[in-house]
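J.: Requesting a structural model of the entry that follows:
(2 chains)
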Amino acid sequence: MHYMVDPGLYALGNPDDQAPVLVTANYKMSFDRLREAIPGRNAWILVLDTKGINVWCAAGKGTFGTEELVRRVAASGLTQVVTHRELILPQLSGPGVAAHEVRKRSGFTVIYGPIRSTDLPAFWDAGFKATAVMRRKTFTMRERTVLVPVELVGTLKWSLVILPLFFLAGGLGGDAGFWAGMLQNGLFAVIAMLSAVVAGAVLTPMLLPWLPGRAFSLKGFVMGLITSALLVTLWTRGFSEPGYPTRMMAWLFIIPVVSAYLAMNFTGASTYTSLSGVRKEMKWAVPFQIAGGVAGVCLWLSSLLIT
Amino acid sequence: MERFVYLKDVVTLALDPEKCIGCGMCLVVCPHGVLRMNNGHARIVNRDLCMECGACSRNCPTEAVTVEAGVGCAAAVINTALGRDGSSCCCVIEPDKDSGGGGLKTSQSARSGCC
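T.: Below is the predicted model:
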């Protein structure tokens, strides 16, 4: 709730009836970024009620849409505040706003501004014209990296459920006794699962353009394969145990498919995947991940029985 | 700068040149430069760059551009398949309803580069 701004008309600086009207969402960060992008300028800011959600997402959902814009223009009495009839909208509100409908219903012409608020001064100074570069949505290393914590939080819940199960099974299996087995097999399971999470939710997003393939699952699978190969090569503890080769084989299955699954889920955070594409990818990727996961877990469990 | 291309020949984007009046709004709103003007009409030039956000069709006054708009998000597809609320993924989520999900911050910071 603290991420919301009250919808309505705000004055930035000392705007007069000629000042431009900039429209944004009532997600606090959207509002703040807009304000901070144009210091020292006079403008009206019309904040729409998007339920505290940012521009692009709200536009996709329809809350940053034609209806709300027309309603908010009327409710704010904008026609009495400014003499011109132009609204400047962020380009990424396009999926929700039909410019020609807004004009028909409110009398205001929609001008789509740049995607990034930091381009606003240049856009403004050019007479409210955006360059081609301003109109392109990027997905830079920096933009991908800030999403990593979000992905990690998403996996936390599952890790808390799955990791204790590995500890428990590790203790019950093998002939080293409960506590020793738990330490021996469970500890490595934790390390292996964490490396799968790092591969799929940290390394794949960051190294996205350099990983092979177009499907996210494939990129994540390759990253997981590399990670599991490294882990199995470097981990020599318990090498002489009878279940060791089977156990390592299990992780060569589990780590890549977990990584592939997590990478697949990163499609939701990316800025260029289509729903049709994601559906197509999932048609082969999900069965593949399930098969690999089941095979890996069976191998791991059977490795505990080998004495 | 890296240029990302997702899967080949999969998007539902279509353009009817008969209906196009050449206003250029689809070019303006497209975040990936999928369309270009050609002899006073819009044309699809980078089809595989389309992410089906639906901005072009929404802003087309003559319904010349059409696309089955949606969010390319695997978690949403899974949730829909499992009979859960398909919108409870990524950014498209109501903060009030967010009890079982990944938390408020998760839901809002995905695609946060767009504010």
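J.: Would you mind measuring the gap between the ends of stretch A:163-179?
T.: 16 Å (Cα to Cα, to the nearest Å).
J.: Then stretch A:202-213?
T.: Length of stretch A:202-213, first residue to last, Cα to Cα: 18 Å.
J.: So what touches that stretch?
T.: A:139, A:141, A:144-145, A:147-148, A:151-152, A:216, A:218-220, A:222-223, A:227, A:259, A:262-263, A:266, A:269-270, B:2, B:4 (Cβ atoms under 8 Å, 6 or more residues apart in numbering or on different chains). Backbone N, C-alpha and C define where each C-beta goes, glycine included.
J.: Now do the buried residues in that stretch.
T.: A:202-206, A:208, A:211 (16 or more other Cβ atoms under 10 Å in any protein chain shown).
J.: Which ones among these map onto helices?
T.: Using DSSP state H, the members of the buried residues of stretch A:202-213 that fall in helices are A:204-206.
J.: okay if I get those residues as TSV plus pLDDT?
T.: TSV is the format used below for those (pLDDT from 0 to 100):
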residue	pLDDT
A:Thr204	97
A:Pro205	97
A:Met206	96
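J.: so where does the residue nearest the centre of chain B fall, helix or strand?
T.: Most central in chain B under Cα atoms, centre = their mean is B:Cys53, positioned 1.2 Å from the mean C-alpha point. In this structure, B:Cys53 is located outside every helix and strand according to DSSP states H and E.
J.: quick one: the strands in chain B?
T.: Secondary structure of chain B, counting by DSSP state E: strands at B:14-15, B:35-38, B:41-44, B:65-66.
J.: typo on my end, chain A
T.: A:8-12, A:21-24, A:43-47, A:86-89, A:109-112.
J.: Quick one: closest of those strands to chain B.
T.: Chain B lies closest to strand A:109-112 among those, at 5.2 Å (Cβ to the nearest Cβ).
J.: Flag every buried residue along the closest one.
T.: In strand A:109-112, counting by 16+ other Cβ under 10 Å, buried: A:110-112.
J.: Sheet partners, orientation included, of that strand?
T.: Partner strands for strand A:109-112, per DSSP bridges, with pairing direction: strand A:86-89 (parallel).
J.: tell me which residues of the partner strand are tucked away?
T.: Applying 16+ other Cβ under 10 Å to strand A:86-89 flags A:87-89 as buried.
J.: State the distance from A:Asn42 to chain B.
T.: For A:Asn42, the distance to chain B equals 22 Å [Cβ to the nearest Cβ, to the nearest Å].
J.: Let me see the contact set for the nearest residue to A:Met248 once chain neighbours are set aside.
T.: In space, and not counting its chain neighbours, A:Met248 is closest to A:Val232: 4.7 Å by Cβ to Cβ, 6 or more residues apart in numbering or on different chains. Contacts for A:Val232 (Cβ under 8 Å, 6+ apart) come out as A:248, A:251-252.
J.: Domain parsing of chain B, as residue ranges.
T.: B:14-66, B:74-114 (automatic domain parsing).
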